[in-house]
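after the sequence you'll find the predicted model.
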Amino acid sequence: MMAPNAPETRPSPLRTAASLLAAALWAGLVVLVKRFPPDGRDHGDLGQFVGRLHPLLVHGPVALLILVPAMELAGMRRDWAHLRSAAGWILAVAAAAIFAAAFDGWLLALSGGYRGRDVTRHLWGGVTLAAVCAVALRARLGRGTGPARAAYPLLLAASLGLMVWTADGGGAITHGDGYLTAKMPPQLRAWFGMPALPAKPAEAGPGVPGAFHAGLLSADPSNPAFYPVHIAPLFARSCVSCHKPEKHKGGLRLDSYEQLMRGGEDGKVVVPGSPWASDMIRRLKLPPNDDDSMPSDGEKPFTPEETQMLDSWIAAGAKGG
Ligand code: HEC
């Protein structure tokens, strides 16, 4: 005699073909990511054009994936059972959307000159998430059988956790590390076991222990405080979008004093005491349409006064830290 759920457990050729196709596509993505990891160089405008849709694309799967457990839970009420029967379909769309977003993310990272640990982690987070979702879907569709029934909620929970982690990694690449927690109230930081943030210089006034009269000291370009007060903010405004840990264009990072002094792939860009020998000054003084001119595109250029300020700081020994 046939069990009532027999049609569920019988392998359907269509389902097997779909699973094989999904596995092949995923394996293809893994091969691409391994063979062509993001290496910090530009690889063409078309790839970047399509890749730049990634920040837009990722929001779809996030919303869809959150819907799945919400519908499964709500559908436990008998009169909302229709929600539960639609959850599998939503999960299938979510899995396809995650795959597309992961592929596009790889394209963006490779073609747009990204590299670094955060990028690699985020990329593999997305690729793994696509696999976990596909396996969860497989378990959902094979619900008649015991082990799959037990594994499904676990796989779903794992994909939600992995999604939050991956999304946070993406946020860190776009907005900088700690974007989410930078403005968190101190009590909440302590509750999560996170270290306290250092006090902002603006909050430290005279008489406060360790107060740093940065404004007063830094009018003199030979003072190391000149760098954090006058120079670093200019880089942050006009240069760091392309010269940061995830994206060192020309092998150069301008997000810290140490990195600035280390220079780029053509060597030192700042020669202390010699602004005329510093490649950075040369590039800042070029006409904007010159290929070597910096910032290369999009960002606000330095005013002549700002370039002069950098020049005097380098002439005075380029001290900082
Ligand atoms: C839109 C992206 C972008 C922005 C913004 C940008 N750069 Fe660049 N930068 C590049 C690229 C790409 C290269 C490598 C190609 C080249 O050498 O021209 C580069 C190379 C450099 C180099 C040479 C590094 C080396 O060793 O070869 C210096 C110096 C430099 N940039 C300084 C700056 C400064 C200063 C700013 C801010 C005023 C800035 N860049 C803003 C994209 C950018």
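Thanks, I have the structure now.

mind checking the SS state of residue 299?
coil (DSSP: H, G, I helix; E, B strand; the rest coil).

quick one: find the helix or strand in the protein with the lowest mean pLDDT.
Sorted by mean pLDDT, DSSP states H and E, the helices and strands of the chain end with helix 214-217, the least confident at a mean of 44.

how about residues contacting the following helix or strand past that one?
Next helix or strand after helix 214-217 toward the C-terminus (DSSP states H and E): helix 226. With contact meaning C-beta atoms under 8 Å, 6 or more residues apart in numbering, helix 226 is reached by 218, 220, 313, 316, 319-320. Placement of C-beta: from N, CA and C, glycine included.

between the residues you listed, which has the most around it?
residue 313 (22 neighbours; other C-beta atoms under 10 Å).

so who does it touch?
Contact analysis of residue 313 by C-beta under 8 Å, 6+ apart lists 221, 226-227, 230-231.

make JSON lines from those residues and add pLDDT, distance to the ligand and neighbour count to it.
Formatted as JSON lines, the contacts of residue 313 follow (pLDDT from 0 to 100; distance: C-beta to the nearest ligand atom, whole Å; neighbours: other C-beta atoms under 10 Å):
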{"residue": "221", "pLDDT": "86", "distance to the ligand": "17", "neighbour count": "20"}
{"residue": "226", "pLDDT": "82", "distance to the ligand": "16", "neighbour count": "23"}
{"residue": "227", "pLDDT": "88", "distance to the ligand": "14", "neighbour count": "19"}
{"residue": "230", "pLDDT": "83", "distance to the ligand": "14", "neighbour count": "18"}
{"residue": "231", "pLDDT": "91", "distance to the ligand": "10", "neighbour count": "23"}
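
need phi/psi at the closest residue to the ligand within the stretch 151-300 of the chain.
When scored by C-beta to the nearest ligand atom, the stretch 151-300 of the chain has residue 264 as its residue closest to the ligand, at 2.3 Å. Per-residue torsions, residue 264: phi -120, psi -160 (degrees, to the nearest 10).

what of residue 267?
Note on residue 267: backbone dihedrals following degrees, to the nearest 10 are phi 100, psi -160.
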